[in-house]
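Asker: Have a look at this prediction, sequence included:
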Amino acid sequence: MENEKIEQGVPFVFTNSISYQVDGIVSKRIIQKEKGNVTLFTFDTGQKLSEHTAPFDALVQVLQGSAEIVIGGYPNQLIAGQSIIMPANVPHAVNANEQFTMLLTMIRE
């Protein structure tokens with residue numbers, strides 16, 4: 001599933017295009033262009049991306065499950081269907097409350 005490329009012009013479901021890994025985080029690049037990327041992630045319960053910064057704004061869309069997205073030290077609890085923008089150069093982290101899937105869209109300036 002993770003190794004299969006998503007075919008352009010053919011309908012697909014994000015959550016069917018990636019699977020969970022026990023005690024892990026899985027990522028799958030959907031689109032990679034000079035001006036930005038769209039990446040699909042799954043997190044197993046308790047998995048985290050430690051605090052870091054990025055030079056560009058990033059949009060997180062929670063597709064399944066729930067997570068805590070910490071931005072500038074402020075925790076945000078998101079559930080499936082919710083989204084949040086992580087501003088450029090502001091420290092942020094991701095903590096999986098349960099198994100969850102997110103779509104990350106990063107646009108370069």
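Answerer: That came through fine.
Asker: For residue 93, grab the count of nearby residues.
Answerer: 16 (other CB atoms under 10 Å). C-beta here means a position set from N, CA and C on the backbone, and glycine is covered the same way.
Asker: Next: residue 16.
Answerer: When neighbours are defined as other CB under 10 Å, residue 16 has 8 of them.
Asker: Kindly provide the distance from it to residue 42.
Answerer: 12 Å (CB to CB, to the nearest Å).
Asker: quick one: low-confidence ranges for this structure?
Answerer: Along the chain, segments meeting pLDDT under 70 span 1-4.
Asker: how does it look with 50?
Answerer: Scanning the chain for pLDDT under 50 picks out 1-2.
Asker: Show me the strands in it, by range?
Answerer: Under the criterion DSSP state E, strands of the chain are mapped to 25-33, 36-43, 48-52, 58-64, 66-71, 74-79, 83-86, 92-96, 100-107.
Asker: Those strands: which one's closest to residue 5?
Answerer: Of all these, it is strand 25-33 that lies closest to residue 5, at 9.4 Å by CB to CB.
Asker: ok and the closest one relative to strand 48-52, angle-wise?
Answerer: 60 degrees (axes from the mean of the first three to the mean of the last three CA atoms, to 10 degrees).
Asker: Can I get strand 25-33 in PDB? Just the C-alpha atoms.
Answerer: C-alpha atoms of strand 25-33 as PDB (Å, rounded to 0.1, in the frame of the first residue of the first chain):
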ATOM      1  CA  ILE A  25       4.800   6.800  12.200                       C
ATOM      2  CA  VAL A  26       4.300   6.200   8.500                       C
ATOM      3  CA  SER A  27       4.500   8.900   5.800                       C
ATOM      4  CA  LYS A  28       3.600   8.800   2.100                       C
ATOM      5  CA  ARG A  29       4.300  11.700  -0.300                       C
ATOM      6  CA  ILE A  30       1.200  12.300  -2.400                       C
ATOM      7  CA  ILE A  31       2.500  15.300  -4.400                       C
ATOM      8  CA  GLN A  32       6.100  16.700  -4.400                       C
ATOM      9  CA  LYS A  33       6.700  19.900  -6.300                       C
END
